[in-house]
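[1] Curious how this folds, go ahead:
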Amino acid sequence: MAASFVPKMLTNLFLVLVLATATFLAKASDLKETKLSMYLQDISDVGNPNVTVIPVAGIAGKAWTVTQFGTIFVTDDYITETADPKSPGVGRAQGMYVTAGLDGLNSHVMISIVFTNKEYNGSTIQIQGISQQFVPGTEVAVVAGTGKFRFARGYATFETYFLDIPTQYSVIRFNVTVQHH
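    Below you'll find the model as predicted:
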């Protein structure tokens, strides 16, 4: 009797696993894909009252610069619909990045895109990954999201659209492709 019970139990377990997998795959097909293009208004001049990026920690005795290994920056960049800083706001890019490459060429980025515009107000997209500095474009991962971007995953690209070294002002084009529920 025990010998016939085990195969029946295994058959039932197998059926449960098949149903669970089918349900999961059906839900996975419900994913939406959203593509966004926006612009980060980045002000790095610490003397500017509107500064949006500042170094907060680094190696003692070393300059806290974007190329110095171990330097930690905090950011709260204004995000706009177009490159014009007076264009309608989309939200804020809030987080930090760390110069993670010994050669100063890579930063580890951890940023939350906090939406304040009408369409996505209150929703967020979480960005994380290594961003290569001083290259025309770089790609990082979208690892999570909230609100309209719940369970988000995807990728984001950054490219310098405008750079004014004397004023330490730059505009970064930010493209996001995200799948979410």
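
[2] residue ranges with poor pLDDT in this protein?
    1-7, 22-29 (pLDDT under 70).

[3] Skipping adjacent residues, who's closest to the residue nearest in space to the middle of it in space?
    For the chain, residue 127 is the residue whose C-alpha lies nearest the centre (CA atoms, centre = their mean; 1.6 Å). The shortest distance from residue 127 to any non-neighbouring residue, by CB to CB, 6 or more residues apart in numbering, is to residue 111 (4.5 Å). C-beta coordinates here come from the backbone N, C-alpha and C atoms, glycine included.

[4] Contact partners for the one you found?
    Residues in contact with residue 111 (CB atoms under 8 Å, 6 or more residues apart in numbering) are 75, 93, 94, 95, 96, 97, 126, 127, 128.

[5] One more: residue 67?
    By CB under 8 Å, 6+ apart, the contact list for residue 67 reads 99, 104, 105, 133.

[6] Regarding it, what is its secondary structure?
    At residue 67 the chain is in coil, as set by DSSP: H, G, I helix; E, B strand; the rest coil.

[7] Quick one: which of the contacts of residue 67 is the most crowded by neighbours?
    Among the contacts of residue 67, the one with the most neighbours (other CB atoms under 10 Å) is residue 99, at 24 neighbours.

[8] What distance do you get for residue 70 to residue 127?
    Computed as CB to CB, to the nearest Å, the residue 70 to residue 127 distance reads 21 Å.
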